[in-house]
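Trainee: Structure here, sequence nowhere to be found:
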């Protein structure tokens with residue numbers, strides 16, 4: 001499964017106001033709720049799951065990328081929200097570098113295999129320095145999607 005299979009333009013967040021990872025996770029879930037990707041009444045439970053997962057071990061995978069994620073019975077399909085933060089945020093990443101690209105992933109509880117495959121695909125895609133640099137320079141959601149699609153085609 002490609003990242004763009006479940007990425008919608010309205011779930012690309014280019015103007016995050018957050019100054020720390022906890023607020024950013026909340027802000028990204030709020031965007032998903034605003035876009036009716038998750039039920040607003042479920043957002044607190046989803047935020048708690050994501051934050052509990054993040055507290056157990058940072059999802060900052062290095063190279064300026066973090067993938068906060070969880071499985072939840074509160075979604076029926078994979079939900080992806082992307083935030084680009086050129087100034088960077090401390091995410092307690094494995095390389096101690098600020099995170100500039102955050103890909104939040106919500107996966108239905110009954111799709112654990114898909115969860116693992118999606119995480120692996122995102123990590124592999126984001127290991128490409130050229131892609132990361134391009135994403136940081138793009139100013140529109142459509143540009144983000146097009147750029148990721150172009151790189152997904154290359155990796156096939």
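Mentor: Cool, the structure landed. The structure presented is a predicted model; accordingly, all values stated were derived computationally and were not measured. Numbering: from 1, shown residues only.
Trainee: Residue 66 against residue 58, yeah?
Mentor: Yes. Between residue 66 and residue 58 a contact is recorded at 7.5 Å, counting by C-beta atoms under 8 Å. In this view, the C-beta of every residue, glycine as well, is placed from N, C-alpha and C.
Trainee: shared neighbours, these two?
Mentor: 91, 93 (C-beta atoms under 8 Å, 6 or more residues apart in numbering).
Trainee: For these two, indicate the residue with more neighbours.
Mentor: The neighbour comparison of residue 66 against residue 58 (other C-beta atoms under 10 Å) goes to residue 66, with 28 against 17.
Trainee: Over to that one: give its phi and psi.
Mentor: With angles defined as degrees, to the nearest 10, residue 66 sits at phi -130, psi 150.
Trainee: ok, it to residue 40 distance?
Mentor: 24 Å (C-beta to C-beta, to the nearest Å).
Trainee: Tell me the buried residues in the helix or strand bottoming out on mean pLDDT in the chain?
Mentor: When the helices and strands of the chain are scored by mean pLDDT, DSSP states H and E, helix 112-126 comes last with a mean of 86. Of the residues in helix 112-126, those buried under the neighbour-count criterion (16 or more other C-beta atoms under 10 Å) are 115, 118, 119, 121, 122, 125, 126.
Trainee: Going by distance to residue 89, which of those wins?
Mentor: Comparing the buried residues of helix 112-126 against residue 89 with C-beta to C-beta places residue 126 closest, at 15.8 Å.
Trainee: ok, now which ones touch that closest one?
Mentor: Residues counted as contacts of residue 126 (C-beta under 8 Å, 6+ apart) are 61, 63, 65, 67, 101, 103, 132.
Trainee: Make a PyMOL selection of the buried ones in these.
Mentor: Selecting just the buried residues from the contacts of residue 126 in PyMOL takes one command, with 16+ other C-beta under 10 Å as the test:
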select buried, resi 61+63+65+67+101+103+132
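Trainee: Among the contacts of residue 126, which are located in strands?
Mentor: When those are checked against strands using DSSP state E, the ones located there are 61, 65, 101, 103.
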